[in-house]
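Engineer: from the sequence below, what's the structure:
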Amino acid sequence: MGNKTEKDVQAYRDYVKTKTPVHGLPLNMVKAFLTGGAICTLGEFILNYAEKMGLDKDTSASWCCILLIFLSVLLTGVNLYGRIAKWGGAGALVPITGFANSVAAPAIEYKKEGQVMGIGCKIFTIAGPVILYGIFTSSLLGLLWWIAKEMGVIR
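Structural biologist: Predicted coordinates:
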């Protein structure tokens, strides 16, 4: 059972090679650029429209974020954002819309398990590590900045 022949090892390598997806980096980069660019263009449109309607820059930015998050959650709910993310890769996952999707998708998926054990427990399955390490890293960098400022390294 432990004796594997070279033929078995090669057969396994061939099998793995046929099952492993091949990704074209240049094409994926173009798709991510187009997807992220479309999201950012939509965000700029919302921002400019809100300012044109008389809102100040900060309020316009808040409405832009709220609407982008709402659209992301809505598209997640009708099972479209996953398709966009699959096609656009990081272009759809990196902006705030991707974070909203990562929170909404588990909530929708585990809704059938109930409010507490389903949605409550699973809502931050994907986003939780991002929040955790984001807070940890920003706290660490803040501490380093404070130490450097106290030592006179920076002003």
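Engineer: tell me the helices and strands packed up against the lowest-mean-pLDDT helix or strand in the chain.
Structural biologist: Ranked by mean pLDDT, DSSP states H and E, the helix or strand of the chain with the weakest confidence is helix 121-122, at a mean of 71. Where contact means 3 or more Cβ pairs under 8 Å, 6 or more residues apart in numbering; DSSP states H and E, helix 121-122 is packed against helix 96-109. C-beta: built from backbone N, CA, C; applies to glycine.
Engineer: just the buried residues of the helix it packs on, please?
Structural biologist: By neighbour count with 16 or more other Cβ atoms under 10 Å, helix 96-109 contains the buried residues 97-108.
Engineer: do the same with stretch 20-40
Structural biologist: For stretch 20-40, by 16+ other Cβ under 10 Å, it's 31-32, 35-36, 39.
Engineer: helix/strand/coil for residue 124?
Structural biologist: coil (DSSP: H, G, I helix; E, B strand; the rest coil).
Engineer: okay then, goodbye and thanks.
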